[in-house]
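Visitor: Quick one, fold the following:
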Amino acid sequence: MYTKDGERYFIVDAHIALWDARPDNQRNIHGKQFIDCFYDYHRNLSPESEVWPYEDYLYQGGARLMTDLFDDGYVDHAIFQPAHLGAFYERGFGQTEEAFALAQAHPDKLTYNHFWDPRFEQAGLDQLRRDAERFGLKGVKLYTAEWQGDSRGYKLDDPWSYRYLEAAQELGIRNIHAGLAVAIPFIHTRPRYFAQIIGELLYWLDENRIQFSSDYALWTPRWLVERFVDFQIPEDMTEYAPLTTAQKKKILGLNAAAMYDIPVPAELQLPREEPQAVAVA
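Guide: Numbers count the residues shown, from 1 in each chain. Alright, predicted model coming up:
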């Protein structure tokens with residue numbers, strides 16, 4: 001929970017990962033290139049005080065994740081959104097087993113989502129059914145640009161994608177995630193650009209469908225939460241309405257909590273006249 005100026009905010013970090021990009025897990029040069037790209041984002045878009053050493057960035061481990069999110073980062077609940085990247089990493093990038101074990105150990109704080117790839121066709125569809133039962137999945141993170149053999153990505157309107165989406169609906173996997181987390185660090189480096197991003201999202205999507213995420217460990221949530229609560233759209237950007245405290249509370253946690261049935265203390269909820277997001281089956 002975060003408190004500022006008498007207002008209390010329930011925080012759900014809707015996109016985190018526990019990754020392993022250490023050299024012994026890099027399948028090829030692309031594994032190093034991928035994590036180097038991530039580190040450039042981290043180094044160039046974070047405040048100087050929040051930049052990690054490169055070696056720390058390759059692998060964080062569960063203990064540090066728990067500290068960065070829940071002890072230091074104001075987060076009340078977080079959702080794993082793993083990317084597999086099997087073409088780049090021997091054991092996968094998103095550390096499925098370690099992340100799932102951590103979520104099992106802390107079910108009050110962590111939700112584990114998974115991934116699927118329609119290019120595996122029937123074999124992958126069978127695996128999805130096994131994964132849904134084992135992990136108790138409520139959502140999946142789709143990384144449509146992932147490499148697979150000669151393929152450099154897939155589309156959600158591909159025939160096999162439709163079959164996977166239908167299976168997800170059948171299995172109760174009701175939340176399909178597209179990544180927007182990379183927008184929020186611009187609140188530090190290019191605040192007017194961030195104002196345009198959040199203004200357009202509020203216009204096109206509305207305040208009930210936007211979710212805060214740090215994309216940990218791309219960034220840590222503490223400074224992002226602090227900056228977002230303090231942020232306001234500049235007065236001269238008159239095409240966008242000012243951000244309200246209620247909107248900030250929805251984006252920072254209440255929207256994701258509604259989608260994942262995460263309990264929110266009564267004193268941290270909005271009054272009834274402020275409708276909150278509802279999960280769509």
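
Visitor: What are the contacting residues of the helix or strand of the chain with the lowest mean pLDDT?
Guide: Lowest on mean pLDDT, DSSP states H and E among the helices and strands of the chain sits strand 175-177, with a mean of 91. For strand 175-177, the external contacting residues (C-beta atoms under 8 Å, 6 or more residues apart in numbering) are 14-15, 81, 113, 138-142, 165, 168, 259-260, 279. In this view, the C-beta of every residue, glycine as well, is placed from N, C-alpha and C.

Visitor: Stretch 32-42 now?
Guide: 21, 23, 26, 51-52, 54, 57-58, 85, 88, 93, 182, 185, 217-219.

Visitor: what's whichever strand or helix holds Y193 packed up against?
Guide: Y193 is part of helix 191-204, with elements assigned from DSSP states H and E. With contacts taken as 3 or more C-beta pairs under 8 Å, 6 or more residues apart in numbering; DSSP states H and E, helix 191-204 sits against helix 186-189.

Visitor: low-scoring pLDDT stretches of the stretch 101-250 of the chain, where are they?
Guide: Along the stretch 101-250 of the chain, the parts satisfying pLDDT under 70 run over 179-180.

Visitor: Which stretches in it count as helices?
Guide: Counting by DSSP state H, counting those that start in this stretch, the stretch 101-250 of the chain has helices at residues 121-135, 159-170, 186-189, 191-204, 221-230, 245-249.

Visitor: in the longest one, what counts as buried?
Guide: Along helix 121-135, the positions that meet the burial threshold by neighbour count (16 or more other C-beta atoms under 10 Å) are G124, L125, L128, D131, A132, F135.

Visitor: What's the separation between the second one and F186?
Guide: Spelled out, it's L125. L125 is 38 Å from F186, where distance means C-beta to C-beta, to the nearest Å.

Visitor: okay, the buried residues of helix 121-135 in JSON lines with distance to L224 next?
Guide: Below are the buried residues of helix 121-135 laid out as JSON lines (distance: C-beta to C-beta, whole Å):
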{"residue": "G124", "distance to L224": "34"}
{"residue": "L125", "distance to L224": "36"}
{"residue": "L128", "distance to L224": "32"}
{"residue": "D131", "distance to L224": "30"}
{"residue": "A132", "distance to L224": "31"}
{"residue": "F135", "distance to L224": "27"}
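
Visitor: Now flag whichever of those is closest to Q148.
Guide: Lowest distance from Q148 to those (C-beta to C-beta) belongs to G124, with 10.2 Å.

Visitor: Do I have it right that the closest one meets H114?
Guide: No. G124 is beyond contact range of H114, at 11.8 Å (criterion: C-beta atoms under 8 Å).

Visitor: Quick one, which of the contacts of strand 175-177 are buried?
Guide: Among the contacts of strand 175-177, those scoring as buried are 14-15, 81, 113, 138-142, 165, 168, 259-260 (criterion: 16+ other C-beta under 10 Å).

Visitor: Now tabulate those in a markdown table and tack on distance to W204.
Guide: Converted to a markdown table, those look like this (distance: C-beta to C-beta, whole Å):
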| residue | distance to W204 |
| --- | --- |
| A14 | 19 |
| H15 | 20 |
| Q81 | 22 |
| N113 | 24 |
| K138 | 25 |
| G139 | 22 |
| V140 | 23 |
| K141 | 22 |
| L142 | 20 |
| L165 | 22 |
| A168 | 24 |
| M259 | 19 |
| Y260 | 23 |
